[in-house]
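Participant: what would the 3D arrangement of this be:
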Amino acid sequence: MSWETIAPPPEALPPDPITVRAQTIPARHYFPEHSHLWHQLVYAIDGVLTVHVDGRSFVISPEQAVWLPAGVMHRVGSLHGAEFRSLWIACRAGADLPATPVLFSVSSLLRALIVEAAAIACAADDDGYVGRVAGLILDQLRRAAPLLTALPWPRGKALGALCEMLHANPADARSPEAWGKMLGMSSRTLARRFEAELGMSLRAWRRRLRLFRSIELMGGGLTVTQTAMALGYSSTSAFVHAFRVDMGSSPQSYMSRRNMGA
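Facilitator: Predicted coordinates:
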């Protein structure tokens, strides 16, 4: 299935200091490449976004956001649909924020502030509440922890189709040989293409995908056991071990800290 474009938002009045845009992105839709005269925070309160910036492509869940300085060319879309919340931030307000694109973790507090900012976007600021919410968002962005790893996404159609199928069904256990046959290439060619486009092996990418989806699924209310089964692990203990190796804590401890905004 092909992707369809969404018209880029018109350049409105400059944010002062923050403008929040709430928009539903349908499945397989994207904003074509564009830039803004001000900074932007790319975030979705629900669903997964695909972000293309600086020659890189990756996907982010509601636990992550991307900071884009003014003038940076980018493209944003969603494979399965998402509730997009775009924050436009005045250059002076974000002067002490990173000068390059940054992926970072979104705390429960920052998420709640973004939801609140969207809800009061058209409200008069007679008592200064709107401004205080904006100030807290900026404080949270200054405190946000950068993430060194993301789930990379291929730009080519062949690997894109493979990754879409695995994203939809992380439990799919097909071998590299089976995937290569489906795509009309040998397993060795598939391995070379994967390394070239994503900077890691198919096995490593699937491991990171499972980690990425596990946080998404548990955040959506699934138990640890339900998550393990949905991701294709042989047992709950195998999932807990893999999660602990990658994240340094058990799934329960990680989600507990996340829900408290740590």
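
Participant: so where is this protein shaky, pLDDT-wise?
Facilitator: 1, 11, 258-262 (pLDDT under 70).

Participant: okay, strands next: where are they in the stretch 51-200 of the chain?
Facilitator: 56-60, 64-68, 74-78, 82-89, 102-105, 151-152 (DSSP state E, counting those that start in this stretch).

Participant: now the ones you listed as TSV including distance to A161 and mean neighbour count?
Facilitator: To be clear about C-beta, it is placed using only N, CA and C from the backbone, and glycine gets the same treatment. Shown next, in TSV, are those (distance: least, CB to CB, whole Å; neighbours: other CB atoms under 10 Å):
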stretch	distance to A161	mean neighbour count
strand 56-60	14	19
strand 64-68	24	24
strand 74-78	16	21
strand 82-89	20	23
strand 102-105	25	17
strand 151-152	16	18
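
Participant: do you know how far M182 is from D172?
Facilitator: 11 Å (CB to CB, to the nearest Å).

Participant: then A124?
Facilitator: According to CB to CB, A124 and D172 sit 52 Å apart.

Participant: looking at these two now, which is surrounded by more residues?
Facilitator: D172 (14 against 8; other CB atoms under 10 Å).

Participant: distance of the more buried one from S35?
Facilitator: For D172, the distance to S35 - CB to CB - is 37 Å.

Participant: what does L13 give?
Facilitator: Using CB to CB, we find L13 at a distance of 17 Å from S35.

Participant: more crowded one of these two?
Facilitator: Higher neighbour count among L13 and S35: S35, with 15 against 7, using other CB under 10 Å.

Participant: quick check, that one in contact with R75.
Facilitator: No: using CB atoms under 8 Å as the test, S35 is too far from R75 to be in contact (10.4 Å).

Participant: sorry, back to before: possible to save the strands of the stretch 51-200 of the chain as a markdown table with distance to A7?
Facilitator: Listed next are those as a markdown table, based on distance: least, CB to CB, whole Å:
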| stretch | distance to A7 |
| --- | --- |
| strand 56-60 | 21 |
| strand 64-68 | 19 |
| strand 74-78 | 13 |
| strand 82-89 | 14 |
| strand 102-105 | 26 |
| strand 151-152 | 27 |
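
Participant: and of these, who's closest to L141?
Facilitator: Nearest to L141, of all the strands of the stretch 51-200 of the chain, is strand 64-68, at 7.1 Å by CB to CB.

Participant: show me the contact partners of that closest one.
Facilitator: 36, 39-43, 51, 53, 60, 74, 97-98, 101-106, 110, 141, 144, 147, 150 (CB atoms under 8 Å, 6 or more residues apart in numbering).

Participant: okay, L113 and L97: tell me how far apart.
Facilitator: 16 Å.

Participant: the more surrounded of these two?
Facilitator: The neighbour count for L113 versus L97, taken as other CB under 10 Å, is higher for L113 (21 against 17).

Participant: surely that one meets L136?
Facilitator: Yes: with contact defined as CB under 8 Å, L113 counts as touching L136 (5.4 Å).

Participant: what's across from the residue nearest the centre of the chain in the sheet?
Facilitator: Among the residues of the chain, the one closest to the centroid is I60, at 1.0 Å (CA atoms, centre = their mean). I60 forms beta bridges with L49, as assigned by DSSP bridges.
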